[in-house]
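Undergrad: The sequence and its predicted three-dimensional model are supplied below.
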Amino acid sequence: MLLKGKPLNYYKEHYDAILIGGALAGLTLAISLAEAGKSVLILEQHNLPGGIATSFVRGGFEMEAALHEMMEIGSKDEPRRIRKLLEKHGVFVDWLPVPDAYHLCLPHLDRTFHPGFDTFASEIEEVCPGSRKQVLEFLDFCRICSESATTLQEEMKNVLHILRHHLPFVRTLGYSAGEVMEAFHLPEKVREILSPYWIYVGAPLSDLPFTVYSVVMNEYIGHGAYIPKKTSHEMSLKLAERAESLGVQIEYRQKVEKILVQNGRVTGVRTARGDEIHSDIVVSGAYPTRVYQSMIEPASEVPREALQMVHSRRMNLTAFSVILILDQPKEALHLQDYCWFHAAHMNSDELFAELKDLRGSRTTASICLNNANPSATPEGYTSFSVTMMPRVEAWQSVTADNYDLVRHELAKELIDDMSEALGVPLSDHIAEIVIETPMTFARYVGSPYGGVYGYSHSMRDHTVARTMTPEAEEFISGLYFTGAHGAGGDGMAPVIGNGANVARRILSRPGT
């Protein structure tokens, strides 16, 4: 764009902070900094905010791009952490509760379970008589450890207090979810019912820190999940609107190619169109893997320790989703529940191993959006999605030549599987279909291997260790990261928390 023969300068000479990417974490962080009086620039490569927290229109239908459900929201009367955080910043989303926890479909078990510890334990009791007391004790232990984890997120500086006064949390830090389940001597069938959410965090229970599991169970089972009435794009738009009202400058279709560094300190960024913009603080929504391998200029400023860190981390599961608009109401399609987990069994170690092969596991999570949001589609139609979560290795045999064939075959297989489970030929009722693969996400948000879950949760790369020692990941002064790859982990609620946590770190910097 030219003005009197000269390039139009969109930018100030210097900003207090530059954010690469306007997804949920970056927008939350920008609002926090702006409220503290800082000048903030967001550079977003797309023409919309939110990253994968968005929607799209196909054939006249608006379709949710990625969100299944969100935790840490709570009701208006009993708000949870993320609702309170957003409303504290003046962001008010129209939240809808999800009516069930999940419908678990195994060869020997086909049952819907609902949120609320008492309700959930009573429903397990109907399947496993005599287990109610044990289940309630286990769930209450999850609650205690989850509340301690939330305290750690909100009071990172007060680690000694946490170590002294949150003993159940401290005692379980070195144990996996599977090990803690074993310690409670839960019957095998009970453990199966308590296991499906492993797929949402992408690690088998033998390697999933109990800390992460306790938060997921406390929030999803104890308090229930929520979705935005107007898709996840509602969150993104309202966050962006609030940020701009506070003076945050958001420039769309501006891709950052380089992060400029001199003598170990950030000095700014360079965009794809050649603008050099200056700041002593840069926050990247792009993954550290990508940043340290190709975005730092000069490359000689990349510390060896930074490369060692990103090479030691394992990318979490990918996503393959088939999103359908069906030309019948949900009742006619036997879609009576919001969420289904289908699997051949619930041994998460075996299922995780099978995810190395695209045809190795039919573990899926399915969502009927209309059961939480009746207005998700025009009357007489139903929004239904089926998602499987292969490991990165599963895609190694997929090439440019066979990509279309593979994705269409997989989509057909998933639709046929769900048709058999429901007793309805779904393929006869497809009004619109979208197939999302790792290529979709890699192209849209630039995540390595098309991952949507960040780096893998594991016992050797523990979320608590990362949360308590954020300085261990600060290799270049003034360079921060926030998003699904942050210490708080993946999922739309955690990434909002990741943004808030990084904002606190920045604002606590000496001289900030």
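TA: Thanks, I have the structure now. In this text the structure is predicted, and so the values were computed from the model without any measurement.
Undergrad: how about low-confidence regions in the stretch 1-150 of the chain?
TA: 1-8 (pLDDT under 70).
Undergrad: How about the stretch 401-512 of the chain?
TA: 512.
Undergrad: Mind jotting down where the helices sit in it?
TA: 403-422, 438-445, 463-468, 492-507 (DSSP state H, counting those that start in this stretch).
Undergrad: Which of those helices has the highest mean neighbour count?
TA: Most buried of the helices of the stretch 401-512 of the chain by mean neighbour count (mean count of other Cβ atoms under 10 Å) is helix 492-507; its value is a mean of 24. Where you see a C-beta, it was placed from the backbone N, CA and C, and this is true even at glycine.
Undergrad: for that one, packing partners?
TA: helix 24-35, helix 81-88, strand 479-481 (3 or more Cβ pairs under 8 Å, 6 or more residues apart in numbering; DSSP states H and E).
Undergrad: Including distance to E413, could these go into JSON lines?
TA: Listed next are these as JSON lines, based on distance: least, Cβ to Cβ, whole Å:
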{"stretch": "helix 24-35", "distance to E413": "32"}
{"stretch": "helix 81-88", "distance to E413": "35"}
{"stretch": "strand 479-481", "distance to E413": "37"}
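Undergrad: So which of those is nearest I221?
TA: Counting by Cβ to Cβ, I221 lies closest to helix 81-88 out of those; the figure is 16.3 Å.
Undergrad: Just the residues contacting that closest one, thanks.
TA: 28, 70-74, 79, 92-93, 95, 150, 153-154, 235, 239, 493, 496-497, 500 (Cβ atoms under 8 Å, 6 or more residues apart in numbering).
Undergrad: One more pass at 10 Å, please.
TA: 24, 28, 31-32, 35, 70-76, 79, 91-93, 95, 150, 153-154, 219, 226, 235, 238-239, 242, 492-494, 496-497, 499-500 (Cβ atoms under 10 Å, 6 or more residues apart in numbering).
Undergrad: returning to that earlier point: could you export the helices of the stretch 401-512 of the chain to TSV, including columns for distance to G360?
TA: Converted to TSV, the helices of the stretch 401-512 of the chain look like this (distance: least, Cβ to Cβ, whole Å):
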stretch	distance to G360
helix 403-422	12
helix 438-445	16
helix 463-468	28
helix 492-507	28
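Undergrad: Out of those helices, flag the one nearest V261.
TA: Closest approach to V261 among the helices of the stretch 401-512 of the chain (Cβ to Cβ): helix 492-507, 17.4 Å.
Undergrad: Just the CA coordinates for that closest one, please, in PDB.
TA: Written as PDB, here are the backbone C-alpha positions of helix 492-507 (Å, rounded to 0.1, in the frame of the first residue of the first chain):
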ATOM      1  CA  MET A 492      -8.600 -23.800  24.800                       C
ATOM      2  CA  ALA A 493      -9.100 -23.200  28.500                       C
ATOM      3  CA  PRO A 494      -5.400 -24.100  29.400                       C
ATOM      4  CA  VAL A 495      -4.100 -21.800  26.700                       C
ATOM      5  CA  ILE A 496      -6.000 -18.900  28.000                       C
ATOM      6  CA  GLY A 497      -4.400 -19.700  31.400                       C
ATOM      7  CA  ASN A 498      -1.000 -19.900  29.700                       C
ATOM      8  CA  GLY A 499      -1.500 -16.400  28.300                       C
ATOM      9  CA  ALA A 500      -2.400 -15.000  31.700                       C
ATOM     10  CA  ASN A 501       0.600 -16.700  33.300                       C
ATOM     11  CA  VAL A 502       3.100 -15.300  30.800                       C
ATOM     12  CA  ALA A 503       1.600 -11.800  31.300                       C
ATOM     13  CA  ARG A 504       2.300 -12.100  35.000                       C
ATOM     14  CA  ARG A 505       5.900 -13.100  34.300                       C
ATOM     15  CA  ILE A 506       6.400 -10.200  31.900                       C
ATOM     16  CA  LEU A 507       4.900  -7.700  34.300                       C
END
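Undergrad: how far off helix 81-88 does that helix point, in degrees?
TA: 60 degrees (axes from the mean of the first three to the mean of the last three Cα atoms, to 10 degrees).
Undergrad: Pull out the buried members of the contacts of helix 81-88.
TA: For the contacts of helix 81-88, a burial check counting by 16 or more other Cβ atoms under 10 Å picks out 24, 28, 31-32, 35, 70-74, 79, 91, 93, 95, 150, 153, 219, 226, 235, 238-239, 242, 492-494, 496-497, 499-500.
Undergrad: And the strands in the stretch 151-300 of the chain, which stretches?
TA: 226-228, 249-252, 256-262, 265-271, 276-279, 282-284, 296-297 (DSSP state E, counting those that start in this stretch).
Undergrad: can you give me the strands in the stretch 301-450 of the chain?
TA: 320-326, 339-342, 364-368, 382-388, 430-436.
Undergrad: which one of these lies closest to S131?
TA: strand 339-342 (19.6 Å).
Undergrad: Listing partners with orientation, what would you give for that closest one?
TA: In the sheet, strand 339-342 lines up against strand 102-106 (parallel), strand 364-368 (antiparallel) (DSSP bridges).
Undergrad: if we can go back for a sec, quick one, which of the strands of the stretch 301-450 of the chain gets closest to V398.
TA: Closest among the strands of the stretch 301-450 of the chain, using Cβ to Cβ: strand 320-326, at 10.7 Å.
Undergrad: strand partners of that closest one, parallel vs antiparallel please.
TA: Sheet pairing for strand 320-326, using DSSP bridges, gives strand 382-388 (antiparallel), strand 430-436 (antiparallel).
Undergrad: For S245, give its distance to E35.
TA: To E35, S245 is 11 Å away according to Cβ to Cβ, to the nearest Å.
Undergrad: remind me, longest helix of this structure?
TA: helix 132-154 (DSSP state H).
Undergrad: List the buried residues for stretch 335-348?
TA: For stretch 335-348, the neighbour count (16+ other Cβ under 10 Å) marks 335, 337-343, 346-348 as buried.
Undergrad: Show me which pair in these is furthest apart.
TA: Using Cβ to Cβ, the buried residues of stretch 335-348 reach their maximum pairwise distance at L335 and N347, which is 27.5 Å.
Undergrad: which residues does the nearest residue to L335 once chain neighbours are set aside contact?
TA: In this structure, L335 finds its nearest non-sequential neighbour in C368, 4.2 Å apart by Cβ to Cβ, 6 or more residues apart in numbering. Shown in contact with C368 (Cβ under 10 Å, 6+ apart): 103, 326, 330, 333-340, 376, 382-385.
Undergrad: Could you rerun that using 8 Å?
TA: Here C368 is in contact with 330, 335, 337-338, 382-384 (Cβ under 8 Å, 6+ apart).
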